[in-house]
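Student: Need coordinates for the below:
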Amino acid sequence: VLDIYDIMGRKLQSNSYTFDAGIQLFQINLTNLASGVYTVVLRTEKSSYPQKIIIAK
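Tutor: Okay, the predicted model is just below:
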């Protein structure tokens, strides 16, 4: 699951994906998000991986 949160911690998007083992590349449509700072959280069955991103339009 890949969730996107705004700076206030509100969940804006949630996307579910199924991957095979190994390195995965995919694209996410962020055109509906305004400029700002967001947190993207990749959640697996075992862990959670948060990453801050900046969108500048």
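Student: quick one: furthest residue from the center of this structure?
Tutor: Going by Cα atoms, centre = their mean, the residue of the chain most distant from its centre is Ala21, 19.3 Å out.
Student: Regarding the most centrally placed residue in the chain, what is its secondary structure?
Tutor: The residue lying closest to the centre of the chain (Cα atoms, centre = their mean) is Val40, at 3.2 Å. Recorded secondary structure, Val40: strand (DSSP: H, G, I helix; E, B strand; the rest coil).
Student: Now do it, the pLDDT please.
Tutor: Note for Val40: predicted pLDDT of 96.
Student: cool, and Tyr17?
Tutor: Tyr17 is assigned 81 on the pLDDT scale.
Student: so what's it up against?
Tutor: Val1, Leu2, Gln24, Phe26 (Cβ atoms under 8 Å, 6 or more residues apart in numbering). Bear in mind the C-beta positions are built from the backbone N, C-alpha and C, glycine included.
Student: now do Asn15
Tutor: Asn15 touches Val1, Leu2, Asp3, Ile28, counting by Cβ under 8 Å, 6+ apart.
Student: what's the closest of those residues to Lys46?
Tutor: Of all the contacts of Asn15, Lys46 sits closest to Val1, with 12.7 Å by Cβ to Cβ.
Student: Around the nearest residue to the closest one once chain neighbours are set aside, count how many other residues there are.
Tutor: Closest residue to Val1 apart from its sequence neighbours, by Cβ to Cβ, 6 or more residues apart in numbering: Arg43 at 4.6 Å. If you count neighbours by other Cβ atoms under 10 Å, Arg43 ends up with 14.
Student: looking at it, Arg43 is touching Ile4, isn't it?
Tutor: No. In this structure, Arg43 is not within contact of Ile4 by Cβ atoms under 8 Å, at 12.0 Å.
Student: if we can go back for a sec, quick one: contacts for the residue nearest to the centre of the chain?
Tutor: Leu2, Asp3, Ile4, Tyr5, Pro50, Gln51, Lys52, Ile53.
Student: same deal with Ala56?
Tutor: Going by Cβ under 8 Å, 6+ apart, Ala56 touches Ser35.
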